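Student: can't give you the sequence, but here's the structure:
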């Protein structure tokens with residue numbers, strides 16, 4: 001959410017359904033979005049436009065607090081807030097939400113029937129998607145089984161992880177060379193070179209990966225690095241007296257976590273962040289799950305990163321491509337929006353509670369009001385199902401007659 005536009009609520013509403021989708025009638029009830037012209041020109045990746053800076057002094061602090069509270073609801077809190085409502089009514093509301101955003105696991109046969117014959121690309125968030133949400137961000141480890149599932153998916157489909165964390169950090173956490181990585185909400189991409197021309201080399205830098213192999217990094221916000229570093233150091237200093245506050249430097253953005261801060265101290269967090277940020281008109285504030293994130297004011301996010309990677313992989317402007325983005329946070333809505341409006345795929349929202357989204361599917365067991373199954377386990381089951389489906393397809397394609405002679409008598 002960009003508070004410089006005076007938007008208080010971090011919830012992104014679902015657009016009204018319309019028809020005439022490129023996807024045809026196969027998923028007309030689940031992919032209700034139209035084809036809206038051609039895909040964006042590749043020149044957008046050469047010159048990254050700035051957004052107009054807002055006047056942070058005009059933003060009321062209670063608006064920040066409203067957004068902070070709304071950005072991270074939990075099932076327990078929802079149940080407490082609705083303690084006067086019968087449990088079956090809460091369950092009924094969740095089931096109604098599931099009708100609008102069906103389970104990707106329960107709809108798996110429908111998904112693969114539509115995906116048959118298409119080139120699939122997979123995009124994944126990290127925290128809350130491949131790993132559980134935990135109090136300490138440094139302890140958000142993915143399981144060995146999840147790592148295996150992601151590695152197997154990458155054998156069959158181009159796969160990228162697009163995270164709010166720094167690219168180096170998420171690379172260390174995942175530890176797979178078979179993937180493409182985009183850190184800082186897509187502002188630091190390690191992937192194939194974009195094919196649009198030589199002009200976009202201005203945003204490329206050469207680097208080496210963990211194996212000392214030369215890699216290409218696309219970094220459209222490089223000019224903001226000095227400002228981000230100054231803000232990080234200022235925020236560390238200004239929040240060091242707030243118990244539970246944690247500031248992380250993700251290279252192209254800075255995060256202030258308040259998950260472990262008592263709610264009565266949230267106003268202090270909001271005021272301290274605002275006091276620092278008001279001196280940097282080239283930066284903006286966004287809200288995540290119990291985190292305030294400071295980012296450059298440029299037209300770049302996870303949605304732009306998905307488009308960039310698809311084009312770099314030679315998968316844009318094609319009618320046989322299906323992109324799938326799986327994520328759980330507000331920042332993933334940018335990717336869901338791009339896939340929906342561009343008719344190039346669909347999003348899967350990982351959520352333990354009902355909320356409006358631009359995703360098409362969800363991953364949450366509709367039979368539960370309170371989460372007893374970890375969401376990352378459901379993501380893992382979906383990825384495993386994709387691999388099993390692809391392997392079955394390959395087996396059928398290469399099936400041959402048995403090697404032994406058949407008795408015709």
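Tutor: Arrived safely. These numbers were taken from a predicted model, which means no experiment stands behind them.

Student: Leaving out the residues flanking it, which one is nearest to residue 170?
Tutor: residue 163 (4.4 Å; C-beta to C-beta, 6 or more residues apart in numbering). In this view, the C-beta of every residue, glycine as well, is placed from N, C-alpha and C.

Student: Apologies, that question was intended for residue 322.
Tutor: Per C-beta to C-beta, 6+ apart, closest to residue 322 is residue 118, 4.4 Å.

Student: Which residues are in contact with that neighbour?
Tutor: 320-322 (C-beta atoms under 8 Å, 6 or more residues apart in numbering).

Student: what about 10 Å?
Tutor: 318-323, 345 (C-beta atoms under 10 Å, 6 or more residues apart in numbering).

Student: Check the gap between it and residue 228 for me.
Tutor: Per C-beta to C-beta, to the nearest Å, residue 118 is found 39 Å from residue 228.

Student: Next: residue 328.
Tutor: 24 Å.

Student: what's the answer for residue 350, then?
Tutor: 28 Å.

Student: before we move on, what about residue 306?
Tutor: In terms of C-beta to C-beta, residue 306 sits 23 Å off from residue 228.

Student: What count of nearby residues applies to residue 179?
Tutor: Residue 179 has 21 neighbours, counted by other C-beta atoms under 10 Å.

Student: Now the phi/psi pair for it, please.
Tutor: phi -110, psi 170 (degrees, to the nearest 10).

Student: so residue 386 is in which element?
Tutor: Using DSSP states H and E, the element containing residue 386 is helix 375-397.

Student: for residue 322, same thing?
Tutor: Taking DSSP H and E as the criterion, residue 322 maps to strand 321-327.

Student: In this structure residue 296 contacts residue 226, no?
Tutor: No: using C-beta atoms under 10 Å, residue 296 is not in contact with residue 226; the gap is 11.4 Å.

Student: More neighbours: these two, which one.
Tutor: Counted by other C-beta under 10 Å, residue 296 and residue 226 do not tie: residue 296 has more neighbours, with 25 against 9.

Student: And stretch 314-327, what's buried?
Tutor: Neighbour counts over stretch 314-327 (16 or more other C-beta atoms under 10 Å) mark 315-316, 321-327 as buried.

Student: Check those residues against residue 235 and report the nearest one.
Tutor: residue 327 (25.1 Å; C-beta to C-beta).

Student: Now do the contacts for that closest one.
Tutor: Contacts of residue 327 (C-beta under 10 Å, 6+ apart): 123-130, 162-163, 302, 333-336, 347-351, 357, 359, 379.

Student: Just give me the neighbour total for the residue nearest to residue 170.
Tutor: 30.

Student: That one touches residue 288, doesn't it?
Tutor: No: with contact defined as C-beta under 10 Å, residue 163 does not count as touching residue 288 (11.3 Å).

Student: Quick check: neighbours shared by these two?
Tutor: By C-beta under 10 Å, 6+ apart, the residues touching both residue 163 and residue 288 are 127, 185, 329, 331.

Student: could you dump these to JSON lines with secondary structure and distance to residue 266?
Tutor: Formatted as JSON lines, the shared contacts of residue 163 and residue 288 follow (DSSP: H, G, I helix; E, B strand; the rest coil; distance: C-beta to C-beta, whole Å):
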{"residue": "127", "secondary structure": "strand", "distance to residue 266": "20"}
{"residue": "185", "secondary structure": "helix", "distance to residue 266": "23"}
{"residue": "329", "secondary structure": "coil", "distance to residue 266": "19"}
{"residue": "331", "secondary structure": "coil", "distance to residue 266": "20"}
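
Student: farthest-separated two in these?
Tutor: Greatest spacing in the shared contacts of residue 163 and residue 288, by C-beta to C-beta: 127 and 185 (12.1 Å).
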